[in-house]
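Trainee: The sequence and its predicted three-dimensional model are supplied below.
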Amino acid sequence: MDIKPYNEAEAKKAQVEQMFDNIAPSYDLLNRVLTLGIDTTWRKKAINTIQKTTPEHLLDIATGTADIALEAYRLIKPTQITGIDISHEMLAKGREKVSKKGLDTTITLLKEDSENLSFSDNTFDVATASFGVRNFENLDKGLMEIQRVLQPGGQVVILEFTKPTSFPFKQLFNVYFKNILPVIGKFKSKDSRAYEYLYESVQAFPDYDLFLTRMRSAGFRDCSYKKLSLGICAIYQGYK
């Protein structure tokens with residue numbers, strides 16, 4: 001089922017871009033509040049799964065405000081990091097953070113469509129994506145594009161929300177994400193629909209083994225996942 005942020009008539013990609021432009025000013029604050037700060041730990045764990053100690057060129061898909069890009073630089077010091085996103089406003093926030101760290105020459109943020117990347121084949125040796133692939137209009141096309149621009153043997157690391165399966169945490173999670181989170185989101189971002197969409201998109205996303213099947217179909221090998229925080233999210237990885 002293809003879940004869209006606002007309506008069924010318009011293309012999902014355009015709506016996702018609009019949604020993130022809308023919530024960009026409060027995005028980082030809401031991430032910290034709504035996840036109780038655990039999202040920073042999830043990102044660290046995702047970066048720590050990268051096998052190559054010092055990647056030459058890392059691609060961060062759906063980079064948003066550059067949290068993963070900045071964390072990757074802090075932990076593993078890639079020679080070059082390219083972050084891409086479709087939201088102009090999110091990228092603007094990301095560039096502010098990159099500049100404050102004095103990393104403008106190391107981290108480049110570009111407005112790009114993840115499903116139609118402008119990069120040549122075999123450009124990057126690592127690719128990351130944090131809470132972004134769920135928003136792809138065409139998941140399989142997006143995964144194939146990531147695979148295309150990776151060098152042979154290159155690694156992809158994807159951090160994405162998942163559906164908890166154990167009682168009673170599953171029920172508590174659903175109540176929080178479905179009923180409480182949109183209220184907080186509306187109060188802080190003035191766009192409650194963005195946080196209703198978050199819950200709906202997580203429910204519709206093919207997680208765990210279903211997502212590994214999609215990764216393999218896109219050409220990745222040695223695919224695996226690891227649950228985090230009782231199944232709120234998972235780290236997926238694979239190799240070209």
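Mentor: All right, it came through fine.

Trainee: which residues in this structure form strands?
Mentor: Listed from the start of the chain, the chain has strands (DSSP state E) covering 57-61, 80-85, 107-111, 124-130, 150-161, 221-228, 233-239.

Trainee: can you tell which of these is closest to Leu70?
Mentor: strand 107-111 (7.2 Å; CB to CB). For the C-beta atoms, the positions are set from N, CA and C on the backbone; glycine is no exception.

Trainee: by contact count, what packs against the closest one?
Mentor: Strand 107-111 sits against helix 67-76, strand 80-85, helix 88-100, with contacts defined as 3 or more CB pairs under 8 Å, 6 or more residues apart in numbering; DSSP states H and E.

Trainee: tell me the most buried of these?
Mentor: Of all these, strand 80-85 has the most neighbours on average by mean count of other CB atoms under 10 Å, namely a mean of 23.

Trainee: so it versus helix 67-76, what angle?
Mentor: Relative orientation of strand 80-85 versus helix 67-76 (axes from the mean of the first three to the mean of the last three CA atoms, to 10 degrees): 160 degrees.

Trainee: strands paired with strand 80-85, and their directions?
Mentor: strand 57-61 (parallel), strand 107-111 (parallel) (DSSP bridges).

Trainee: contact partners of the first one?
Mentor: So the one you mean is strand 57-61. 66, 68-69, 72, 78-84, 114, 119, 123-130, 132-133, 142, 146, 149-150 (CB atoms under 8 Å, 6 or more residues apart in numbering).

Trainee: Buried subset of those residues, written for ChimeraX?
Mentor: Of these, the buried ones can be selected in ChimeraX as follows, counting by 16 or more other CB atoms under 10 Å:
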select :66,68,69,72,78,81,82,83,84,114,119,123,124,125,126,127,128,129,130,132,133,142,146,149,150
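
Trainee: Show me the shaky parts of the chain.
Mentor: Residue ranges of the chain with pLDDT under 70: 1, 185, 187-189.

Trainee: re the thing from before, can you say which of the strands paired with strand 80-85 is packed in most?
Mentor: Mean neighbour count (mean count of other CB under 10 Å) peaks for strand 57-61 among those, with a mean of 26.

Trainee: Check the spacing between Gln155 and Ser224 real quick.
Mentor: Here Gln155 is placed at a distance of 11 Å from Ser224 (CB to CB, to the nearest Å).

Trainee: can you list residues touching both of these two?
Mentor: The contact sets of Gln155 and Ser224 overlap at 237-238 (CB under 8 Å, 6+ apart).

Trainee: In terms of neighbours, single out the busier of these two.
Mentor: More neighbours surround Gln155 than the other of Gln155 and Ser224, with 23 against 12 (other CB atoms under 10 Å).

Trainee: That one bridge partners, please.
Mentor: With DSSP bridges as the rule, Gln155 is bridged to Val126, Tyr239.

Trainee: of all the strands paired with strand 80-85, which lies closest to Asp28?
Mentor: Nearest of the strands paired with strand 80-85 (CB to CB): strand 107-111, 14.8 Å.

Trainee: chain center to the closest one: distance?
Mentor: Taking CA atoms, centre = their mean, to the nearest Å, one finds strand 107-111 lying 15 Å from the centre of the chain it belongs to.
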